[in-house]
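**Student:** quick one: sequence plus predicted model below, questions after.
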Amino acid sequence: MRFRNVAAGLAGIMLLAFTSLAQTTARIEGTVTGPDGKALQGAVIKFHRTDMKGDLNTKSDKKGHYIYMGLPVGAMYDISCEVEGKVIDQRQGVRASLSDPNVPNSTGITVDFDIRKSQAAREAQQAALNEAATTGKISDELARRLSPEQRDAIEKAAKEREGAMKKNKELNDAFTAGVTAMDAKQFDQAIAAFQKASELDPKQIAVWNGLADAYIQNAKGKTGADFDGNVQKSIEAYNKALELKPDDAGIHNNYGRALAEAKKFPEAQAEMAKAAQLDPPGAGKYYYNLGAILVNTGQNEQAVEAFKKAIEADPKYADAYYQMGVYLVGKAQVDTATGKVTPVEGTVENLQKYLELAPNGQFAESAKGLLQGLGSTVDTKYANPNAPPPKKTTTKKK
């Protein structure tokens, strides 16, 4: 009898021991709801233990449910929910315990993830952050959710924004002053205004273009060292513009013209070739511009090569044919005894081609005069190829 009582006592002790052992571990579970409001399967739930090393993870099932059992009671976790490798929601400072004080009759902790609600909350917080960064004012609700570092960052961003707005106004004012001065042909004032704008924001292409053009225009009224200095400043400004936008054909074209003014003809032709490469439809214009500058600087041999390239790039570039004709007129043979002028091959053809393409162009009368001076007959049938056809007239029967 005594043996039976002892055995029963031992059994009771063992039962209490097992009961105590069973109650030394906790579990955390919950459900994951997708952006469509339905259970989300396959979400990865990660447990990062913060009071000591230890990372765990599990996945939600087809009902969106997940569970992790056997967690040490009292352990602290940061729990995150990941979908397709991205964290879409998280909870920090979750303590594993035997029951959830917020859930009656629970046997563990419940942590649910609702992606739709978490996205809405993030969007609302981001909107509040954006408004705070813009105005510099942080609401009491937002302040409670921000760390001191985040508050400092918002205040700093607001001050930077205020400074940027002030700087932008000064920049716009300086640039506008430069444009106004250029229109009034006050190039010294334009240079000063664009220079100020470039100091306020050295990453504005329009500012460097304006400054470069102002220097080139200013150079036209100068000679000697003053001319060379303005042209060099223009080249430097175009270089700044090209650093910001190296694939701009227009900048390469203008840069080439500045180089030609500086008598850097190989470099100028290289820039025009680059512009033509970047903008094939405009190649004729780029080479013609180079040729015109070369003519104005007395570089006729280099100019004729540029006009040839203009015609190659655009066979309908009328002005290039005229310039070729004028160049070739200068090569004509004159018989000193008879005074007869014998033009070299291509002279008449180029002038006639110009009149064919631009019968009413700016050089039309000059081209006709040159042809007549060479003893060539001017075709009076040349007409504007872009003009509308003449209207037909009808005679009414009486």
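**Tutor:** Yep, it's here. Remember, it's a predicted structure, so these values are computed and weren't measured experimentally.

**Student:** would you map the helices across the stretch 151-300 of the chain?
**Tutor:** Assigned by DSSP state H, counting those that start in this stretch, the stretch 151-300 of the chain shows helices spanning 187-200, 205-219, 224-244, 249-261, 265-278, 283-296, 300-313.

**Student:** elements contacting the fourth one?
**Tutor:** When contacts are defined as 3 or more C-beta pairs under 8 Å, 6 or more residues apart in numbering; DSSP states H and E, helix 249-261 sits against helix 205-219, helix 224-244, helix 265-278, helix 283-296. For every residue, glycine as well, the C-beta is placed using N, CA and C.

**Student:** can you point out the buried residues in it?
**Tutor:** Buried residues in helix 249-261, counted by 16 or more other C-beta atoms under 10 Å: 249, 251-261.

**Student:** angle of that helix against helix 283-296?
**Tutor:** 20 degrees (axes from the mean of the first three to the mean of the last three C-alpha atoms, to 10 degrees).

**Student:** now do helix 249-261: distance to the chain's middle.
**Tutor:** Here helix 249-261 is found 23 Å from its chain centre; the criterion is C-alpha atoms, centre = their mean, to the nearest Å.

**Student:** for the residue lying closest to residue 109 once chain neighbours are set aside, which three-state class applies?
**Tutor:** Nearest non-adjacent residue to residue 109, counting by C-beta to C-beta, 6 or more residues apart in numbering: residue 28, 4.6 Å away. Secondary structure state of residue 28, per DSSP: H, G, I helix; E, B strand; the rest coil, is strand.

**Student:** residue 28 reaches residue 106, doesn't it?
**Tutor:** No: between residue 28 and residue 106 there is no contact under C-beta atoms under 8 Å: 10.9 Å.

**Student:** for those two, indicate the residue with more neighbours.
**Tutor:** Taking other C-beta atoms under 10 Å, residue 28 and residue 106 do not tie; residue 28 has more neighbours (26 against 15).

**Student:** returning to what we had before: pLDDT and distance to residue 365 added to the buried residues of helix 249-261, as a markdown table?
**Tutor:** Formatted as a markdown table, the buried residues of helix 249-261 follow (pLDDT from 0 to 100; distance: C-beta to C-beta, whole Å):
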| residue | pLDDT | distance to residue 365 |
| --- | --- | --- |
| 249 | 93 | 33 |
| 251 | 94 | 36 |
| 252 | 94 | 34 |
| 253 | 92 | 29 |
| 254 | 92 | 31 |
| 255 | 94 | 35 |
| 256 | 92 | 31 |
| 257 | 89 | 28 |
| 258 | 93 | 32 |
| 259 | 93 | 33 |
| 260 | 88 | 28 |
| 261 | 89 | 30 |
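
**Student:** could I get the residues you listed as TSV with distance to residue 43?
**Tutor:** Converted to TSV, the buried residues of helix 249-261 look like this (distance: C-beta to C-beta, whole Å):
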residue	distance to residue 43
249	53
251	53
252	55
253	58
254	59
255	58
256	61
257	64
258	63
259	63
260	67
261	68
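
**Student:** of all pairs in those, which one is the farthest apart?
**Tutor:** The span of the buried residues of helix 249-261, defined through C-beta to C-beta, is set by 249 and 261 at 19.2 Å.

**Student:** point out where the stretch 151-300 of the chain drops to low pLDDT.
**Tutor:** 151, 154-155, 157-165 (pLDDT under 70).

**Student:** tell me how many other residues crowd residue 48.
**Tutor:** 16.

**Student:** ditto for residue 349
**Tutor:** Residue 349 has 15 nearby residues by other C-beta under 10 Å.

**Student:** before we move on, what about residue 64?
**Tutor:** So residue 64, with other C-beta under 10 Å, has 19 neighbours.
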